[in-house]
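1. predicted model follows, preceded by the sequence.
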Amino acid sequence: MQSLRRIDIFPKFDAKFEQDAREKTVFGAAFSILAIILIVVLVIGEFRYFLSIEERHELFVDRVIGGDMEIEVNVSFPQVPCDLMTLDAVNAFGEYQGNLDRNAVKHRINSNDLQHISKARPMDNDGKVASIPTHEDGAPKSDCGSCYGAESHPGECCHTCADVEAAYNRRGWHFNLNDVSLTQCAKERLQHAASISSHEGCNLWAKFPVARVQGNIHFIPGRAFTILGQHMHDLTGGEVGKLNLSHYIHTLQFGTTYPGQANPLDDKATILADEPVNGRFNYYVKVVPTTFEKHSLFGATLETNQYSVTEHFSPRRTTPAAQGQPQNQEQQVIPGVFLIYDLSPIRVKIFEARPYSSLVHFMLQLCAIIGGVFTVMGIIDAIFYHSIIRVRRKMQMGKQS
């Protein structure tokens, strides 16, 4: 038993001796109060930290093959009327988004405050299918404009907008200059729209699924149409080159937004100037597949995407022509806004977790706080106490001498 007592690290003192050996001071009381306050504050802070949720990230190679993702885009053009702006989406295989017209709408907006001045209008080709004029033997006529079903006899050609209007009038049909499917009226439509572009703009919104492959979304002034299975844009006419393509990107989102997500192109204004700014705006978007796990009883998981972006602008300007060529040739730049996206091979996993892995870890941290504060305050109190004792002794020795 005697040898066992020697390893006792908690020696006991006689109660009378311990009472006589203790000396309580004002400094000691002050340090005790300060220690209690510090312990309470630190314990409360640690308890709040224990209950908090922090966000953590992991990176790994994306093993998902194929599938779809949903894109939401919302862009305003303050200086371009809706009759002049088209929206298309195409992937790396050259496949156009077929149901985009059913998932997109246009709003006429005020150029100054971007507020809607009309109800939503479906973004489609409003379309009548262009009939192809043929000879009597059935061979298609070359250089013969379609009358869009209003021809009075097979093979009749409508070369100009006036010809189309006359054919409609003969049929008793309503003729609408703003019908974007009327190819022959493109120039007249552009002139009319450009004349009102100073005070009216267009907001385009779309939400649609696409395959998880490289692709682009483009906003191009002019007219989009399909002929013989080929998707085309009509950019003829000098009015297209004079349009101000300043724009405001309200939203660009790939998938569902997770809590706290910030997209770099949301609420981005690009050259909102009064003078015409015309050219090709390229936004190169790198889409990062993301898995978000919310800390909850049921462990909800959300599959979505983040993205980063870089941008480049190619102005559309006239350049001196070579000898023998017409003057002031337009550079071969398709004006518009192009959102070119590609998927990253790296997937990000974002998950919410408690800062402590277990309750035991939290209890150990509390013990460290309480013990640490008492130890440090005890050391400081001892330093003050012994310093005061030494000063008193020196003062007494000085008086005696």
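-> Arrived safely.
2. tell me if I am right that residue 368 is in a helix.
-> Yes - according to DSSP: H, G, I helix; E, B strand; the rest coil, residue 368 belongs to a helix.
3. neighbours of it, how many?
-> Other residues lying near residue 368 total 12 when counted by other Cβ atoms under 10 Å. Quick note: C-beta positions are derived from backbone N, CA and C, even for glycine.
4. distance check, it against residue 362.
-> Residue 368 is 11 Å from residue 362, where distance means Cβ to Cβ, to the nearest Å.
5. again, but for residue 209
-> Going from residue 209 to residue 362 by Cβ to Cβ gives 45 Å.
6. the more surrounded of the two?
-> Legend: neighbour count by other Cβ under 10 Å for residue 209 and residue 362, higher for residue 362 (18 against 13).
7. what about the strand or helix carrying that one, distance to the chain center?
-> Element membership of residue 362 [criterion: DSSP states H and E] is helix 359-400. Averaging C-alpha positions (Cα atoms, centre = their mean, to the nearest Å) puts helix 359-400 56 Å from its chain's average.
8. repeat for stretch 70-86
-> 17 Å.
9. now residue 356. Nearest residue, chain neighbours left out?
-> residue 362 (4.8 Å; Cβ to Cβ, 6 or more residues apart in numbering).
10. so who does that neighbour touch?
-> 46, 50, 356 (Cβ atoms under 8 Å, 6 or more residues apart in numbering).
11. and if you look at residue 295?
-> 53, 351, 352, 353, 354.
12. if we use 7 Å, what do you get?
-> Under the criterion of Cβ atoms under 7 Å, 6 or more residues apart in numbering, the neighbours of residue 295 are 53, 352, 353.
13. which one (most neighbours) among the residues you listed?
-> Going by other Cβ under 10 Å, residue 352 tops the contacts of residue 295 with 15 neighbours.
14. any idea how far residue 285 is from residue 73?
-> For residue 285 relative to residue 73 (Cβ to Cβ), the value is 11 Å.
15. wait, residue 205 sits on residue 74?
-> Yes - Residue 205 lies in contact with residue 74 (Cβ atoms under 7 Å); the separation is 4.6 Å.
16. comparing the two, which shows the higher neighbour count?
-> Applying other Cβ under 10 Å to residue 205 and residue 74 shows that residue 205 carries more neighbours, namely 19 against 16.
17. which residues touch the more buried one?
-> By Cβ under 7 Å, 6+ apart, the neighbours of residue 205 are 74, 104, 105.
18. who does the host helix or strand of it pair up with?
-> Assigned by DSSP H and E, residue 205 belongs to strand 200-211. Strands that pair with strand 200-211, judged by DSSP bridges, come out as strand 68-77 (antiparallel), strand 104-110 (antiparallel).
19. can you tell me the centre-most residue of the chain?
-> residue 263 (2.6 Å; Cα atoms, centre = their mean).
20. that's a helix at that one, yeah?
-> No - counting by three-state DSSP, one finds residue 263 to be coil, located in no helix.
21. and it, how far from residue 304?
-> Noted for residue 263: a distance of 11 Å to residue 304, by Cβ to Cβ.
22. picking that back up, against which helices or strands is the following helix or strand past the strand holding residue 205 packed?
-> Later in the chain than strand 200-211, the nearest helix or strand by DSSP H and E is strand 215-221. With contacts taken as 3 or more Cβ pairs under 7 Å, 6 or more residues apart in numbering; DSSP states H and E, strand 215-221 sits against strand 85-91, strand 336-343.
23. alpha carbons of the longest one, in CSV - could you do that?
-> Written as CSV, here are the backbone C-alpha positions of strand 336-343 (Å, rounded to 0.1, in the frame of the first residue of the first chain):
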residue,chain,number,x,y,z
GLY,A,336,-25.3,38.6,-81.1
VAL,A,337,-24.7,37.2,-77.7
PHE,A,338,-23.3,33.7,-77.5
LEU,A,339,-23.3,31.7,-74.3
ILE,A,340,-20.9,28.8,-75.1
TYR,A,341,-20.9,26.2,-72.4
ASP,A,342,-18.8,23.0,-71.8
LEU,A,343,-18.9,20.5,-69.0
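24. may I see the buried residues of the helix or strand immediately after it in the chain?
-> Next helix or strand after strand 336-343 toward the C-terminus (DSSP H and E): strand 346-353. Neighbour counts over strand 346-353 (16 or more other Cβ atoms under 10 Å) mark 347, 348, 350, 351 as buried.
25. and the helices in this structure, which stretches?
-> 2-5, 15-21, 26-51, 161-171, 186-195, 238-241, 359-400 (DSSP state H).
26. residue 114: which of those helices is closest?
-> Residue 114 lies closest, by Cβ to Cβ, to one member of the helices of the chain: helix 186-195, at 18.2 Å.
27. and the closest one, average pLDDT?
-> Helix 186-195 comes out with an average pLDDT of 64.
28. returning to that earlier point: pick out the shakiest of the strands paired with strand 200-211, pLDDT-wise.
-> Looking at the strands paired with strand 200-211, the lowest mean pLDDT belongs to strand 104-110 (a mean of 89).
29. and that one, what's buried?
-> 104, 105, 106, 107, 108, 109.
30. and what of stretch 242-258?
-> Going by neighbour count (16+ other Cβ under 10 Å), the buried part of stretch 242-258 is 243-250, 252-255, 257-258.
31. so which of these belong to strands?
-> Mapping the buried residues of stretch 242-258 onto strands (DSSP state E) picks out 247, 248, 249, 250, 252, 253, 254.
32. tabulate the helices and strands packed on strand 215-221 (a markdown table), appending distance to residue 201.
-> As requested, the helices and strands packed on strand 215-221 are arranged in a markdown table below (distance: least, Cβ to Cβ, whole Å):
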| stretch | distance to residue 201 |
| --- | --- |
| strand 85-91 | 9 |
| strand 336-343 | 13 |
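33. circling back to that earlier point, between the strands paired with strand 200-211, which one is closest to residue 342.
-> Here strand 68-77 is closest among these (Cβ to Cβ), at 12.4 Å.
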